[in-house]
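Novice: Let's see this in three dimensions:
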Amino acid sequence: MTGPAPALTRTGAASRLAAAARAVDAPGIVIAVSHRGHRTVHCGGSAPPPAVPRDQQRYEIGSASKTFTGLLLAELVGTGRLSYDDVAAHHLAPGRTPETAPRNPATLRHLITHTAGLPALPADFYPQAVRHWSTDPYGGYPAERVVAAYLRARHRHRPGTRWHYSNFGASVLGHTLAAATATPWEELIAHHVLAPLGLTGTRLHPEGAYGPGADATGHRPDGSTPVPGLAMGGFQPAGAVRATPGDLLTYLEAHLDPAGSPLETALRTIRRPVLRRGLGHRHLHTLTWFQHTSPQGPLYFHAGATTGQQAFLGFRPATHTAVVAVTTRRIRLRDTFIATAYALLSEEPG
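Specialist: Just a heads-up that it's a prediction; the model follows:
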């Protein structure tokens, strides 16, 4: 990964990243910070250094992939191709008669904000996934099954009334965007998000362990048992992105300063709060990011976990700071990874 040379001379920042990495017990970890355009990167971990340097490998970011799908939605709405108030089922099952039309009233806005009244995953997902839970839970459930499950699903709550985190809903959103534009989700992401932002080190499928940009190898919670790269099946829009730390910093830097970006309008849109939830409505959300308040302005962040890796993405515009942290160990009880990465984002830069 490349970045301005001055970042390498900032010993204070480098020592903080090194200390943060030591606080996380993992075979491999990369923590990268951008502050006012200067990048500082630390690589570490308990395993021997791999043949491909850790900061040049691609990492599974799991649920943080939803920020890419949300940005895609904002871009398509901003260019007039869709509306947030479009009913998803009307795009997924067009041409039905009133008697046979789906009765799912959830809109694109409901799906991206986890307010569509859907469970985390379809009910029939678990029987086929349980045998492969630690290695390949999603691969046997293709997009067609996700859409079919949605069209027959009964919403637990009236859309827009309750928040419930849902990989199911985010995946349905991606397939709805594909149906509405007659373009596969992967092509939409590549054309409308990855290419405009110059994310050349980002992929949507496992690609192997050799060559520049090789996929990092994840591990079970024990930190020593490797697991294969995760195939997301029909849940790609909810968790398929894998990227180099450099690409992830580039992605967040576009959020920090959207001015002049090809996606400027969409990037500004997804920083606006759209809902509150929880006790006292203290939890704030944008279309794609969790948002916390601080004396130095709002912090935006999203985390993700797969069968063998974890990721944290966060940015704070007021301090011109972005943090990327990735590690090659599955989440486990009392894990310190997310708290450690969040602390780097919330502390004073310098």
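Novice: For the chain, just list every one of the helices.
Specialist: Assigned by DSSP state H, the helices in the chain fall at 11-22, 66-78, 88-92, 108-112, 125-129, 143-152, 167-181, 185-189, 195-197, 236-239, 245-256, 264-269, 337-346.
Novice: and residue 289, which of those is closest to it?
Specialist: Nearest to residue 289 among those is helix 66-78 (6.4 Å), distances taken as CB to CB. C-beta coordinates here come from the backbone N, C-alpha and C atoms, glycine included.
Novice: now the closest one against helix 245-256, angle please.
Specialist: Computed with axes from the mean of the first three to the mean of the last three CA atoms, to 10 degrees, the direction of helix 66-78 lies at 40 degrees from that of helix 245-256.
Novice: which helices and strands does helix 66-78 pack with?
Specialist: helix 108-112, helix 167-181, helix 185-189, helix 236-239, helix 264-269 (3 or more CB pairs under 8 Å, 6 or more residues apart in numbering; DSSP states H and E).
Novice: Check the offset of that helix from the chain's centre.
Specialist: 12 Å (CA atoms, centre = their mean, to the nearest Å).
Novice: Send me it as CSV with only the CA atoms.
Specialist: Provided in CSV are the C-alpha atoms of helix 66-78 (Å, rounded to 0.1, in the frame of the first residue of the first chain):
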residue,chain,number,x,y,z
LYS,A,66,-23.1,-3.0,3.5
THR,A,67,-21.6,0.5,3.4
PHE,A,68,-20.7,-0.2,-0.3
THR,A,69,-24.2,-1.4,-1.1
GLY,A,70,-25.7,1.6,0.7
LEU,A,71,-23.4,4.0,-1.2
LEU,A,72,-24.5,2.3,-4.5
LEU,A,73,-28.2,2.9,-3.5
ALA,A,74,-27.5,6.5,-2.8
GLU,A,75,-25.8,6.9,-6.1
LEU,A,76,-28.6,5.3,-8.1
VAL,A,77,-31.2,7.4,-6.2
GLY,A,78,-29.1,10.6,-6.7
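Novice: about what we covered before: so which of the helices of the chain is nearest residue 280?
Specialist: Across the helices of the chain, closest to residue 280 is helix 337-346 (CB to CB), at 20.5 Å.
Novice: Next, the buried residues of the closest one.
Specialist: Buried residues in helix 337-346, counting neighbours by 16 or more other CB atoms under 10 Å, are found at 337, 338, 340, 341, 342, 344, 345, 346.
Novice: these two touch, right, the last one and residue 299?
Specialist: Read that as residue 346. Yes: using CB atoms under 8 Å, residue 346 is in contact with residue 299, at 6.2 Å.
Novice: hmm, who's touching stretch 85-95?
Specialist: 101-109, 111, 147, 150-151, 172-173, 175-176, 179-180 (CB atoms under 8 Å, 6 or more residues apart in numbering).
Novice: Give me the common contacts of residue 346 and residue 299.
Specialist: Common neighbours of residue 346 and residue 299 (CB under 8 Å, 6+ apart) are 292, 316.
Novice: where in the stretch 151-300 of the chain is pLDDT low?
Specialist: Under the criterion pLDDT under 70, the flagged ranges of the stretch 151-300 of the chain are 208-213.
Novice: which residue packs closest to the residue nearest the centre of the chain, ignoring adjacent ones?
Specialist: Centroid-nearest residue in the chain, with CA atoms, centre = their mean: residue 64, separated by 1.6 Å. Spatial nearest neighbour of residue 64, excluding adjacent residues (CB to CB, 6 or more residues apart in numbering): residue 304 at 3.9 Å.
Novice: contacting residues around the one you found?
Specialist: 60, 61, 62, 63, 64, 65, 239, 310, 311, 312.
Novice: Residue 298 contacts residue 317, correct?
Specialist: Yes: with contact defined as CB under 8 Å, residue 298 and residue 317 form a contacting pair (7.4 Å).
Novice: Please identify which pair of the contacts of residue 304 lies farthest apart.
Specialist: 239 and 312 (14.5 Å).
Novice: how close does the nearest residue to residue 149 once chain neighbours are set aside sit to residue 192?
Specialist: Distance criterion CB to CB, 6+ apart; nearest residue to residue 149, sequence neighbours excluded, is residue 122 at 3.8 Å. Look at residue 122 and residue 192: by CB to CB, to the nearest Å, they are 27 Å apart.
Novice: Those two: who's more crowded?
Specialist: residue 192 (25 against 22; other CB atoms under 10 Å).
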